[in-house]
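# Need coordinates for the following:
(one chain, ligands or ions: 2)
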Amino acid sequence: MALLAFDKARVGDLLQVLSGDFAVYGPVRGDDGVIGMAPADDPGKILFDFQNTTRSVKGFVQPQCEVMFTYPQDGEKAPILEEFPGPEADTLLFNLRPCDARGLWSNAECYDNPDNPNKDYYFPRRRERVFLAGLGCAAPCPTCFCHATGGGPFSTEGLDWLMTDLGDRVLVETLTDKGERMAAAAGDVLEKTKKGDDKKAEDVHQAAMKKSPRGLKLGAPANKEMMDIFESDIWPKIAETCINCGTCTYSCPTCTCFDILDEVVGGEGRRFRIWDACMYPLYTLHGSGHNPRPTKTERVRNRFMHKLKYNLKRHGTLSCVGCGRCVRLCPVNIDIREVAAMMGQVEPRAAGQAG
Ligand code: SF4
Ligand code: SF4
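Ligands and ions are numbered 1, 2, ... in the order given. Prediction:
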């Protein structure tokens, strides 16, 4: 794969040529001050110096509300999945953060696992059409802990490009065949690197690691057995302040739960799915009226056990990329890093230990 660069003053040219092949989205600050991914129509608004988008990018592959198929109300014609049109164009997410790329594709364990004969129909089709041009984090925010989950401010995992902001220039490392296709679409806006670019990039990477908040190492061998943690008395204490608002799950790039609903509009039925959240009591309510997670305590326990224990056991990875969104957005300041410590899932780092 290749190491290339572009002058930051030419970002408008870059986005313009890329938009010939892709629907390009990038981080912009809205009128309300909230940063989110939006069509990159105005290059002057595309952010390079920002912490992260308020919402993750998972909606590009797992839409918050997605029509799965339609059917006539009389039911004579069976629904045909192949009618699913998928995204209208190949989509390029520009300047997304590396943690979000890790989150996006870690959800493939749920939706696109080759060992699962019943894997999802929609996720793989959307996934094929999403291209990721990541921008490393030169200044990680204090609530981020990507390094503790196996990533890092300049992690390449899941990305097609990793970009490093060098000030007036941006270094572009192509990482995949998709990344090569993006570089071909960029044409001569991408140039050869200059002498010293790689050294400057390495300095930026090292400085970012030094700024990363320290003291966590999730995914370490558990200090306690699974059932000891499951039955621990920490859960009522953590649940006491939780209001089950679902903000943590909706903002999380690695939450995958959904509900499936049917509705009839104008004689046509449609089946759609929407994001759901394990923090809601209805999520686990059975048709019989029984609810296996009837109180906040069970629901809070499930969320953290899933993120930090069950997924690790089932897939060998955490269901958390350390983006810090749930830490920043929880209205009652429940902090997954503190919960992890209470669960014994934290291995304190030795003084001076890197990574
Ligand atoms: S954001 Fe906080 S209060 Fe809301 S459900 Fe999550 S842990 Fe509970
Ligand atoms: S659990 Fe919290 S910190 Fe971890 S990926 Fe989800 S929102 Fe980010």
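# Contacts only, for the residue in the stretch 1-150 of the chain positioned nearest to ligand 2.
Scanning the stretch 1-150 of the chain for the residue nearest ligand 2 gives Gly103, at 5.9 Å (criterion: CB to the nearest ligand atom). Bear in mind the C-beta positions are built from the backbone N, C-alpha and C, glycine included. Taking CB atoms under 8 Å, 6 or more residues apart in numbering as the contact definition, Gly103 lies against Ser56, Lys58, Cys252, Pro253, Thr254, Val321, Cys323.
# so which of those residues also contact ligand 2?
Here is what survives when these are matched to ligand 2 using CB under 6 Å from any ligand atom: Cys252, Pro253, Thr254, Val321, Cys323.
# and those as CSV, adding distance to Lys195, neighbour count and pLDDT?
What follows is the ones next to ligand 2 among the contacts of Gly103, written out as CSV (distance: CB to CB, whole Å; neighbours: other CB atoms under 10 Å; pLDDT from 0 to 100):
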residue, distance to Lys195, neighbour count, pLDDT
Cys252, 42, 24, 97
Pro253, 37, 25, 97
Thr254, 40, 26, 96
Val321, 35, 30, 95
Cys323, 35, 28, 96
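# Just the ones in helices from the residues you listed, please.
Using DSSP state H to define helices, no part of the ones next to ligand 2 among the contacts of Gly103 is located there.
# so Asn311 is in which element?
With the criterion set as DSSP states H and E, the secondary-structure element containing Asn311 is helix 311-315.
# mind listing the strands for the stretch 151-300 of the chain?
Applying DSSP state E, counting those that start in this stretch to the stretch 151-300 of the chain gives strands spanning 161-165, 169-174, 191-192, 258-265, 268-275.
# could these be laid out in JSON lines, adding mean pLDDT?
Written out in JSON lines, the entries for the strands of the stretch 151-300 of the chain read as follows (pLDDT from 0 to 100):
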{"stretch": "strand 161-165", "mean pLDDT": "98"}
{"stretch": "strand 169-174", "mean pLDDT": "97"}
{"stretch": "strand 191-192", "mean pLDDT": "94"}
{"stretch": "strand 258-265", "mean pLDDT": "92"}
{"stretch": "strand 268-275", "mean pLDDT": "90"}
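# Any chance of those strands in a markdown table with mean neighbour count and distance to ligand 2 as columns?
Below are the strands of the stretch 151-300 of the chain laid out as a markdown table (neighbours: other CB atoms under 10 Å; distance: least, CB to the nearest ligand atom, whole Å):
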| stretch | mean neighbour count | distance to ligand 2 |
| --- | --- | --- |
| strand 161-165 | 23 | 19 |
| strand 169-174 | 23 | 24 |
| strand 191-192 | 11 | 35 |
| strand 258-265 | 12 | 16 |
| strand 268-275 | 15 | 13 |
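# so which of those gets nearest ligand 1?
When the strands of the stretch 151-300 of the chain are ranked by proximity to ligand 1, the top entry is strand 268-275, at 13.7 Å, counting by CB to the nearest ligand atom.
# ok, the closest one near ligand 1 or not?
No. Shown here: strand 268-275 not in contact with ligand 1 (CB under 6 Å from any ligand atom), separated by at least 13.7 Å.
# Next, the angle strand 258-265 makes with that strand.
Relative orientation of strand 268-275 and strand 258-265, computed by axes from the mean of the first three to the mean of the last three CA atoms, to 10 degrees: 160 degrees.
# I'd like the distance from strand 268-275 to the chain centre, please.
Here the centre of mass of C-alpha atoms in strand 268-275, compared against the chain's by CA atoms, centre = their mean, to the nearest Å, lies 24 Å away.
# now, which of the ones next to ligand 2 among the contacts of Gly103 lie close to ligand 1?
Of the entries in the ones next to ligand 2 among the contacts of Gly103, none also sits close to ligand 1 under the rule CB under 6 Å from any ligand atom.
# which bits of the stretch 201-350 of the chain sit near ligand 1?
Proximity of the stretch 201-350 of the chain to ligand 1 is confined to Cys242, Ile243, Asn244, Cys245, Gly246, Thr247, Cys248, Met279, Cys330, Pro331, Val332, Ile334 under the rule CB under 6 Å from any ligand atom.
# Noted, bye for now.
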